[in-house]
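[1] Can you look at this prediction? I've put the sequence above it.
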Amino acid sequence: MLHALDEEALAALLATLSQVPLDDDAEGLLPRDAGSKPAAVLILVLWQQDGWQVVLTRRTAHLRSHAGQISFPGGRLEEGDATAAMAALREAEEEIGLPISAVRVVAQMGQYQTITGYAVTPVLGVLTQPVVFRPSPDEVDEVFTLPLALALDARQYERHHYERDGYRGHYYSLTHGEYYVWGATAAMLRRMALAYASQAA
């Protein structure tokens, strides 16, 4: 079904998914304090021969935080960012060389609260023209994609328990070949998957 969608239909689907209400603890991640540091990430979808894909990055190993982890392009809102979408696009341009003009922003999802105190707004966008990604060597080791069909399949996510600084909780992961997506990135994708499953029910 997803493979048959054109750009307009995909944009409409993403916009619909962003508005689907989820149960307060549908992610199974509460209790969690509200983040005080606003941030935004770009969940970018592009077309390849084998279907719609989601763009992800692997962070460089020398970063002070999230070294080597898989994430969306994005970061903290800065003084000049009027909206979360502007912040996400600015960060994507800095991190992976994505031209802002090549992205059609279609929606944004509700804020995701991280355990590190960030209130992250996922911005959903569609790539409208071919681009060559140019990852910043200071931040990004690799840009890759995973199938949107995989990301929207809630059955593919695994739940893991952990204990940190006396706090017990859990997180989700999604595996695609050699890539292990976990934590906030997997949780935000899983939000979309839950919304997609509720629409298909």
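    Noted; the coordinates are in hand. Residues are numbered from 1 along each chain as shown.
[2] Just the element for Tyr79, please.
    Residue 79: Glu, not Tyr. Here Glu79, judged by DSSP states H and E, is contained in no helix and no strand.
[3] no no, Ala39
    For Ala39, the host element (DSSP H and E) is strand 37-48.
[4] Contacts for that strand next, please.
    By Cβ atoms under 8 Å, 6 or more residues apart in numbering, the list of residues contacting strand 37-48 from outside reads 7, 10, 14, 52-55, 71-77, 81, 84-85, 87-89, 91-92, 98, 103, 117-127, 145, 148, 188-189, 192. Glycine gets a C-beta too; all of them are placed from N, C-alpha and C.
[5] are any of those buried, and which?
    Neighbour counting by 16 or more other Cβ atoms under 10 Å classes 10, 14, 52-55, 71-75, 77, 81, 84-85, 87-89, 91-92, 98, 103, 118-127, 145, 148, 188-189, 192 among the contacts of strand 37-48 as buried.
[6] Next secondary structure element downstream of the worst-scoring helix or strand of the chain on mean pLDDT?
    Lowest on mean pLDDT, DSSP states H and E among the helices and strands of the chain sits strand 158-164, with a mean of 83. Next helix or strand after strand 158-164 toward the C-terminus (DSSP H and E): strand 167-176.
[7] what's downstream of that next one, the next helix or strand?
    strand 179-182.
[8] Show me the shaky parts of the protein.
    23-35, 62-68, 164, 167, 201 (pLDDT under 70).
[9] most distant residue from the middle of it?
    Gly166 (28.1 Å; Cα atoms, centre = their mean).
[10] Which strand residues bridge the residue most central in space within the chain?
    By Cα atoms, centre = their mean, the chain has its centre lying nearest to Ile43, at 4.4 Å. For Ile43, the beta-bridge partners are Leu124 (DSSP bridges).
[11] Quickly note the distance from it to Gly169.
    According to Cβ to Cβ, to the nearest Å, Ile43 and Gly169 sit 23 Å apart.
[12] Over to Ala186?
    14 Å.
[13] Pro135 belongs to a helix?
    No - Pro135 sits outside any helix when classified using DSSP: H, G, I helix; E, B strand; the rest coil, being coil.
[14] That one: neighbouring residues, count only.
    17 (other Cβ atoms under 10 Å).
[15] quick one: contacts for Val106?
    Neighbours of Val106 in contact, by Cβ under 8 Å, 6+ apart: 11, 14-15, 18, 124-126.
[16] try 6 Å this time
    Contacts of Val106 were listed using Cβ atoms under 6 Å, 6 or more residues apart in numbering, and they are 11, 14-15, 124.
[17] From these, which land in helices?
    If you go by DSSP state H, the contacts of Val106 have 11, 14-15 in helices.
[18] Mind putting the residues you listed into CSV with distance to Arg59?
    CSV is the format used below for the ones in helices among the contacts of Val106 (distance: Cβ to Cβ, whole Å):
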residue, distance to Arg59
Ala11, 28
Leu14, 25
Ala15, 29
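[19] Out of those, which is nearest to Asp141?
    Nearest to Asp141 among the ones in helices among the contacts of Val106, counting by Cβ to Cβ, is Leu14 at 27.2 Å.
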